[in-house]
Structures are given as C-alpha cells and as structure tokens.
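**Student:** Make a model of this:
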Amino acid sequence: MEQLQELEAEAVARDDDDIEALHGQVFLLNDNYTGKGGSLHTSTAIRELLRTTEDLTEIPARDRGAIYNYFKREAKALIVTQIRKLAKEYETTVLQRKVGMWEEDVRLLSQQRIIGCTTTGLAKYRALISALRPRTILVEEAAETMEAPVTAACLPSLEHLILVGDHQQLRPHTQVHAFEDEPYFLNLSLFERMVRNNVAYSTLTRQRRMLPEIRRLLAPIYGTTLKDHESVLDPANRPSVEGMGGTNSYFFCHEWPEARDGNMSCYNEHEALMIAGFVDYLVLNGVDACKITLLTFYNGQRKRLIGSLRNHKNFRAFSSLVKIVTVDGYQGEENDIVILSLVRSNRHGAIGFLDSENRACVALSRGKRGFYIFGNAELLAKETRVWAKVVEIMYGRKELLQVATSSFRVGYLLPLQCQPHGRKVWIQEPDDWQHIHGGCDHQCRGVLSCQHKCRKCSLQSSLESANMFPAYRCHPFEHDQVNCMMPCSRELTCGHSCTGELKPESRGKEFVRPY
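**Tutor:** So this is what the prediction gives:
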C-alpha cells in the first residue's frame with residue numbers, strides 16, 4: 001500500500017515540473033442539469049415556438065424544460081464540431097513537434113559512442129533509438145528485467161545483445177501479482193530462460209566485495225565456484241569491525257515472538273530494539289553511521305527499526321544517517337556493515353519471504369567487512385535448506401567453512417570486545433546495552449579536561465549525589481567529548497572558590513555523545 005502511494009505521489013507533477021501542461025482560461029461545461037416537464041417534445045415544435053416568441057420569459061413554465069434541453073443539445077453540437085477540428089489540428093501539431101524534436105535528438109545522439117537509458121525508456125523511445133541503428137545493446141541486471149522489455153530492445157540493426165545479471169538473485173516483478181508464476185510466468189526473465197535452456201554463457205567467479213568470512217555464507221547458493229580477489233584479503237582494504245574483536249560475521253539467535261501490524265506485515269519489537277542498541281555500540285566505537293545498513297524482509301520491521309533508532313537517546317537527530325531498507329530494494333547495493341533482521345519467530349513454522357532462495361542470496365551478499373544476522377536460527381534451520389546451511393557454516397562445520405575462523409559465529413549471546421581493555425562482553429537482551437557505553441562494564445578511570453575524574457560516582461557520598469552524577473563506564477571515545485557535570489572546586493586568582501555549578505536543567509541527564 002505504501003509503495004502504491006509513493007508511486008501515485010511521484011506521478012503527480014509539481015508546478016515547476018509541469019512544463020507541457022496547457023495553460024489558459026478554463027470553461028466548465030456542466031452537463032448534469034436536465035430540464036423537466038413540458039409538452040413540447042420535438043425539435044421542430046420548439047423551433048416554431050422560438051420563431052414566434054420574442055420574449056423567452058413569456059414561454060409557459062411547462063415548456064421551459066424541453067426548451068432548455070434543446071438549447072443544450074444545439075450548444076453541444078456546435079462545441080463538438082469545433083473541438084474535433086481543434087483536436088485534429090492539435091494532434092497533427094504535437095506529432096510534427098515530436099518528429100522535429102526526435103530529429104534534433106537523432107542528430108545529437110548519433111555523435112555519441114555510448115547511450116544509456118532504462119528498459120522502460122528504451123521501450124518508450126524505441127523509434128528514436130531505432131533511428132540511431134545501434135549494433136550492440138547491453139542490459140544490466142538482466143535477470144531482474146522482464147522478458148518483454150529485453151525483446152523490445154532487439155532492434156533490426158542489432159548485431160550483439162549482451163545480458164549481464166545473476167539469475168540466483170531477485171526475479172522480475174509485475175504490477176499485477178497474479179501474472180507471476182503459473183500459468184503466465186512473467187517473472188521469468190529472458191536471462192534466466194536462456195540459462196535454463198543451456199545457452200552458452202560466461203560466469204564471473206571472483207568477487208571483490210566481501211571478506212572471505214562473509215563470502216563463505218554464499219556456499220549453499222554458488223557452491224565452491226566463487227573465489228576471492230586479492231583486494232578483499234588485504235586488511236588495509238577490509239579492516240575488522242571496530243569493537244567486535246575480529247568477529248566480522250555473527251548469527252544472533254533468539255526466540256522473541258513476532259507480531260503483525262495493521263497492514264499484516266510482520267515485525268519483531270525486541271529484535272528491533274536489540275539492533276538499535278547494536279548500531280549505537282558500533283557508532284560509539286567509531287563506525288561511521290553512513291557505513292551501516294539495516295536490511296529486513298518486511299516493511300513492518302523497517303518501520304520498527306526506524307522508530308527504534310529515532311527513540312534512542314543517541315540517535316534522535318542522526319537516525320537518518322543509517323540506511324534502513326528492505327531486501328527487495330537493495331539489490332545491486334552494498335555497504336561496509338550490513339545488519340540483517342529476519343523477524344520471523346513462531347511456533348507453527350511459518351517463515352514467509354525467508355523461504356525464497358533468490359531473496360536470501362541478495363540478503364547474504366551485501367556486506368563488505370561486517371555482516372550480522374538477527375533471527376530465530378532454529379526455526380529457519382528446520383524450514384529451509386539455504387538457511388540451514390548458513391547456520392551450519394556459522395556454527396563451524398569444517399567441511400563447509402572454506403575459511404579459517406577462530407570461534408563459532410552463531411549463538412544466543414552477542415560477543416563484543418572492549419577496545420580500551422580488550423575484555424569480552426556478551427549481550428543477550430536489549431536492556432543489556434544500558435550497562436555499557438561502547439566499551440565494557442568497567443568504570444572509566446580517566447581524567448577530563450577540567451581535571452575531574454570520569455568515574456564520578458566514587459566522588460559522591462550520598463545516593464542523591466550518585467544519581468545526579470552517574471558513573472561513566474568504559475568508553476572507546478576520547479574524554480574531550482564528555483561533558484563534565486561536576487561543580488567546579490578550583491580556587492580563583494582572587495582567592496575565592498569557583499562558583500561554577502551544574503545547571504539545574506542538566507542534573508540527572510544521561511551522557512549523549514554527539515555523532
């Protein structure tokens with residue numbers, strides 16, 4: 001429903017974009033009124049009455065309805081004649097203008113070596129492109145393009161048609177869902193049809209995006225054919241995720257139940273809160289918020305993730321920096337760190353979209369140096385082959401690993417590692433994020449620029465003072481980013497004590513790091 005509303009909103013041209021609209025005076029021809037009553041029913045009788053009557057107000061009331069209808073018919077006949085004449089002239093003028101513009105376009109485009117357009121644009125301007133007599137056409141993401149637009153690209157002058165894509169990722173989508181699959185199969189691209197019919201094709205086997213630790217998750221789909229380019233093996237190009245202690249991929253398992261919103265889209269509230277805390281932890285450890293993408297299969301969960309970040313104390317003004325999208329809208333994209341929210345967790349074994357291997361392939365192949373999954377691993381392992389293999393790989397099956405790892409990558413506890421102390425911290429519930437500030441659970445013993453200790457609670461004797469000046473835990477960011485809330489105890493040059501105190505409106509406020 002939201003996608004349709006967005007399409008409708010985009011279809012409405014704004015005032016500054018409505019260039020081709022006709023401007024001028026508008027006359028409304030209301031045809032909703034009809035005269036009633038009257039004894040005169042023929043046009044001949046009405047014309048005879050009008051010929052002998054000089055003042056229309058003298059016409060009897062019972063005849064006025066029929067005369068009104070007569071006037072309306074005569075006026076419409078005159079208007080229709082003129083409109084048809086003008087419409088024919090307008091159609092001819094528009095055609096001539098279009099031909100003239102295309103002649104100019106052909107003159108300009110014929111001087112270019114490469115012309116880029118969408119498949120929709122190619123079908124719309126097929127006559128123009130045909131006049132250019134192209135000999136080679138390359139279709140990118142051909143596996144996600146319906147067969148009809150690719151067929152429209154087969155112009156008479158065509159000598160070489162190149163299709164580039166991956167038929168194991170997303171398929172084409174039709175506006176009418178009933179036309180997909182049996183018996184029409186409009187979601188079968190020409191690319192996939194040719195692969196199925198064993199037409200000769202070339203396969204790229206070396207990937208330049210993911211760490212080997214992430215690439216291994218695609219073994220259930222691509223087998224052992226996918227290899228790593230040397231660029232992804234260089235730690236300088238793919239450094240480990242900050243604050244994770246070398247754990248660049250992990251499957252966090254849970255059994256939090258799912259729910260449905262008003263649009264019957266699935267969401268998982270606890271999972272969204274857990275992910276929001278994880279995003280905050282990564283940013284506190286120095287990860288650029290723009291380098292994080294949250295992926296989900298459901299629009300309902302996308303809304304929950306957006307809401308969870310907006311309501312987070314550290315992300316109220318920065319939630320828009322993190323990309324939160326659905327899997328179907330992220331094919332061809334990538335980011336440094338990808339967090340996948342699987343949502344589904346129930347007792348009757350329903351997994352919905354997660355059963356699609358094409359969508360799973362897209363979801364598993366977006367991250368460059370960090371990939372983290374949140375979901376019910378036990379449910380997925382029972383219901384689908386691909387996710388079962390993914391769980392086995394992350395659990396540590398040696399024959400499926402294809403890459404050396406130091407520990408398991410699946411569990412009910414999310415492993416973190418404090419950068420200042422190197423201590424391990426495990427997170428199990430969303431509330432656990434409140435006990436750390438991007439580091440471990442040790443109190444910070446650093447000194448601020450004002451010479452106060454960052455560990456404030458030890459300086460307070462009463463519980464009221466401890467609540468007013470909360471203790472800061474270990475944190476990975478510098479102390480110059482911490483706002484001191486302690487009253488100043490220094491002595492001025494005049495001999496008086498400094499009266500700088502904590503402002504009342506700042507008392508009891510929690511620390512918020514400005515990203």
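**Student:** Which parts of this structure belong to which domain?
**Tutor:** 38-111, 119-202, 207-432, 445-515 (automatic domain parsing).
**Student:** Can you say which of these is packed in most?
**Tutor:** Ranked by mean neighbour count under mean count of other Cβ atoms under 10 Å, these are led by domain 207-432, which reaches a mean of 19. All C-beta atoms are positioned from the backbone trio N, CA, C, and that covers glycine.
**Student:** I'd like the mean pLDDT over it, please.
**Tutor:** Domain 207-432 carries an average pLDDT of 90.
**Student:** re the thing from before, please render the domains of the chain as TSV that adds distance to Q5 to the earlier fields.
**Tutor:** Below are those laid out as TSV (distance: least, Cβ to Cβ, whole Å):
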stretch	distance to Q5
domain 38-111	31
domain 119-202	15
domain 207-432	12
domain 445-515	32
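**Student:** and E2, which of the ones you listed is closest to it?
**Tutor:** domain 207-432 (6.6 Å; Cβ to Cβ).
**Student:** which residues in the stretch 101-250 of the chain form helices?
**Tutor:** 119-124, 126-131, 147-152, 190-196, 212-215, 219-222 (DSSP state H, counting those that start in this stretch).
**Student:** Remind me what the last one packs against, helices and strands.
**Tutor:** If I follow you right, that is helix 219-222. If you count contacts as 3 or more Cβ pairs under 8 Å, 6 or more residues apart in numbering; DSSP states H and E, helix 219-222 packs onto helix 357-364, helix 385-395.
**Student:** try 7 Å this time
**Tutor:** helix 385-395 (3 or more Cβ pairs under 7 Å, 6 or more residues apart in numbering; DSSP states H and E).
**Student:** Quick one: the helices of the stretch 101-250 of the chain as TSV, columns for distance to G439 too.
**Tutor:** Below are those laid out as TSV (distance: least, Cβ to Cβ, whole Å):
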stretch	distance to G439
helix 119-124	51
helix 126-131	59
helix 147-152	53
helix 190-196	49
helix 212-215	24
helix 219-222	35
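**Student:** What distance do you get for the spatially most central residue of the chain to L294?
**Tutor:** Nearest to the mean C-alpha position of the chain, counting by Cα atoms, centre = their mean, stands V325 at 3.1 Å. Per Cβ to Cβ, to the nearest Å, V325 is found 8 Å from L294.
**Student:** So which residues of this protein form strands?
**Tutor:** 136-140, 160-164, 206-207, 227-228, 249-253, 259-260, 266-267, 292-296, 323-326, 335-341, 367-375, 410-411, 414-417, 424-427 (DSSP state E).
**Student:** Next, format the ones you listed as JSON lines and append distance to N187.
**Tutor:** Below are the strands of the chain laid out as JSON lines (distance: least, Cβ to Cβ, whole Å):
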{"stretch": "strand 136-140", "distance to N187": "17"}
{"stretch": "strand 160-164", "distance to N187": "16"}
{"stretch": "strand 206-207", "distance to N187": "26"}
{"stretch": "strand 227-228", "distance to N187": "30"}
{"stretch": "strand 249-253", "distance to N187": "30"}
{"stretch": "strand 259-260", "distance to N187": "26"}
{"stretch": "strand 266-267", "distance to N187": "22"}
{"stretch": "strand 292-296", "distance to N187": "22"}
{"stretch": "strand 323-326", "distance to N187": "18"}
{"stretch": "strand 335-341", "distance to N187": "24"}
{"stretch": "strand 367-375", "distance to N187": "26"}
{"stretch": "strand 410-411", "distance to N187": "33"}
{"stretch": "strand 414-417", "distance to N187": "37"}
{"stretch": "strand 424-427", "distance to N187": "40"}
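**Student:** do you know which of the ones you listed lies nearest G35?
**Tutor:** strand 259-260 (56.4 Å).
**Student:** who's in contact with the closest one?
**Tutor:** 266-267, 269 (Cβ atoms under 7 Å, 6 or more residues apart in numbering).
**Student:** got it, and stretch 190-197?
**Tutor:** Residues contacting stretch 190-197 (Cβ under 7 Å, 6+ apart): 142-143, 147, 150, 163, 165, 167, 201.
**Student:** Output it as CSV, nothing but the C-alphas.
**Tutor:** What follows is stretch 190-197, C-alpha atoms only, in CSV (Å, rounded to 0.1, in the frame of the first residue of the first chain):
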residue,chain,number,x,y,z
LEU,A,190,15.0,-13.9,-20.8
PHE,A,191,18.3,-14.2,-19.0
GLU,A,192,17.1,-17.0,-16.7
ARG,A,193,15.3,-18.7,-19.6
MET,A,194,18.5,-18.8,-21.6
VAL,A,195,20.5,-20.2,-18.7
ARG,A,196,17.9,-22.9,-18.1
ASN,A,197,18.0,-23.9,-21.8
